[in-house]
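Asks: Sharing a model that was predicted from the sequence below.
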Amino acid sequence: MRKPFSERKLNIHDVVVHVYQGAASVEFYWDFAAKLRSDGTTLTTRGRESQVYRRGDRGWALVHVHYSGMPVTGGRQGF
């Protein structure tokens, strides 16, 4: 993600971690702000993400990621 952007900032919040015997899941919301290197246009996105980790012989490993933008909730939107 370094090449397309001249500036970028990622903030995460509302982090929830669930730890089990050999696995863990993490859920959080994110805000991403950036400036395109090509023309200086600014970009802002918000979303939520979940990650699943598995504990093995060599420590924790990320095995699955899912992310999506925030749902559209305005009138006559989200059809």
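Replies: Sure thing, it's come through. Numbering: from 1, shown residues only.
Asks: The chain: strands as residue ranges?
Replies: Under the criterion DSSP state E, strands of the chain are mapped to 5-19, 23-36, 42-56, 59-69.
Asks: what's the most buried one of these?
Replies: strand 23-36 (a mean of 15; mean count of other CB atoms under 10 Å). For the C-beta atoms, the positions are set from N, CA and C on the backbone; glycine is no exception.
Asks: Find the residue closest to the spatially most central residue of the chain in space, skipping its chain neighbours.
Replies: Note on the chain: the residue nearest the mean C-alpha position is residue 49, at 4.6 Å, using CA atoms, centre = their mean. Excluding the flanking residues, the one nearest residue 49 by CB to CB, 6 or more residues apart in numbering is residue 67, at 4.1 Å.
Asks: got the contact list for the one you found?
Replies: 30, 47, 48, 49, 50 (CB atoms under 8 Å, 6 or more residues apart in numbering).
Asks: From residue 74, how far out is the first one?
Replies: The gap separating residue 30 from residue 74 is 21 Å, by CB to CB, to the nearest Å.
Asks: before we move on, the earlier item: will you turn the strands of the chain into CSV that also has mean pLDDT?
Replies: Shown next, in CSV, are the strands of the chain (pLDDT from 0 to 100):
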stretch, mean pLDDT
strand 5-19, 95
strand 23-36, 96
strand 42-56, 95
strand 59-69, 96
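Asks: any idea how far the closest residue to residue 14 other than its chain neighbours lies from residue 57?
Replies: In space, and not counting its chain neighbours, residue 14 is closest to residue 29: 5.0 Å by CB to CB, 6+ apart. From residue 29 over to residue 57 the distance is 33 Å, taken as CB to CB.
Asks: Same check on residue 26?
Replies: As judged by CB to CB, residue 26 and residue 57 stand 21 Å apart.
Asks: One more: residue 11?
Replies: Taken as CB to CB, the span from residue 11 to residue 57 is 34 Å.
Asks: Please apply the same query to residue 73.
Replies: Counting by CB to CB - residue 73 and residue 57 are separated by 45 Å.
Asks: Out of those two, name the residue with the larger neighbour count.
Replies: Between residue 73 and residue 57, residue 73 has the larger neighbour count (other CB atoms under 10 Å), namely 7 against 4.
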